[in-house]
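Q: Sequence first, predicted coordinates after that:
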Amino acid sequence: MLRILDAEFRGNGLPDELYSRLIRNGAVMHMKNSCSPTSAGVRIATPRRPAEAAAGIGAAAAERTGALGVRVLGHRCLKRPRRR
């Protein structure tokens, strides 16, 4: 909806300051402040294969960072009980 509104607004050659006042500070702020997600809202789930690929990339990055001597919090190797 906003893309169409933007195209129509720009296509009619209206001044930029009017666009800012009406769209950015008016319509968009109203939608942002008046619409809030509910528990019944639509949830977007990431498919399993891309999620696993992202987890693999993150784990590899954590391994490389850990190999540099940096402590990586949340990394699977740190979830083992600490030795005292």
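A: Structure's in. What do you need?

Q: Tell me the confidence at P47?
A: For P47, the pLDDT comes out at 92.

Q: Check R82 too.
A: R82 is given a pLDDT of 45.

Q: Neighbours of K32, how many?
A: K32: 9 surrounding residues under other CB atoms under 10 Å. The way it works is simple: take the backbone N, C-alpha and C, and place the C-beta from them, glycine included.

Q: list the buried ones in the lengthiest helix in the chain?
A: In the chain, taking DSSP state H as the definition, the longest helix is helix 48-67. Residues of helix 48-67 classed as buried by neighbour count (16 or more other CB atoms under 10 Å): A62.

Q: from now on call the first residue 28
A: Let's use 28 as the start, then, which means that last one is helix 75-94.

Q: Dump it to PDB, keeping only the CA atoms.
A: Provided in PDB are the C-alpha atoms of helix 75-94 (Å, rounded to 0.1, in the frame of the first residue of the first chain):
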ATOM      1  CA  ARG A  75      14.100 -25.600   8.200                       C
ATOM      2  CA  ARG A  76      16.800 -25.700   5.500                       C
ATOM      3  CA  PRO A  77      17.600 -22.000   5.500                       C
ATOM      4  CA  ALA A  78      17.500 -22.000   9.300                       C
ATOM      5  CA  GLU A  79      20.000 -24.900   9.500                       C
ATOM      6  CA  ALA A  80      22.200 -23.200   6.900                       C
ATOM      7  CA  ALA A  81      22.200 -20.000   8.900                       C
ATOM      8  CA  ALA A  82      23.000 -21.900  12.100                       C
ATOM      9  CA  GLY A  83      25.900 -23.600  10.300                       C
ATOM     10  CA  ILE A  84      27.300 -20.300   9.100                       C
ATOM     11  CA  GLY A  85      27.000 -18.800  12.600                       C
ATOM     12  CA  ALA A  86      28.700 -21.800  14.100                       C
ATOM     13  CA  ALA A  87      31.600 -21.600  11.600                       C
ATOM     14  CA  ALA A  88      32.000 -17.900  12.300                       C
ATOM     15  CA  ALA A  89      32.000 -18.600  16.100                       C
ATOM     16  CA  GLU A  90      34.600 -21.300  15.600                       C
ATOM     17  CA  ARG A  91      36.900 -18.900  13.600                       C
ATOM     18  CA  THR A  92      36.400 -16.200  16.200                       C
ATOM     19  CA  GLY A  93      37.000 -18.600  19.100                       C
ATOM     20  CA  ALA A  94      40.200 -19.700  17.400                       C
END
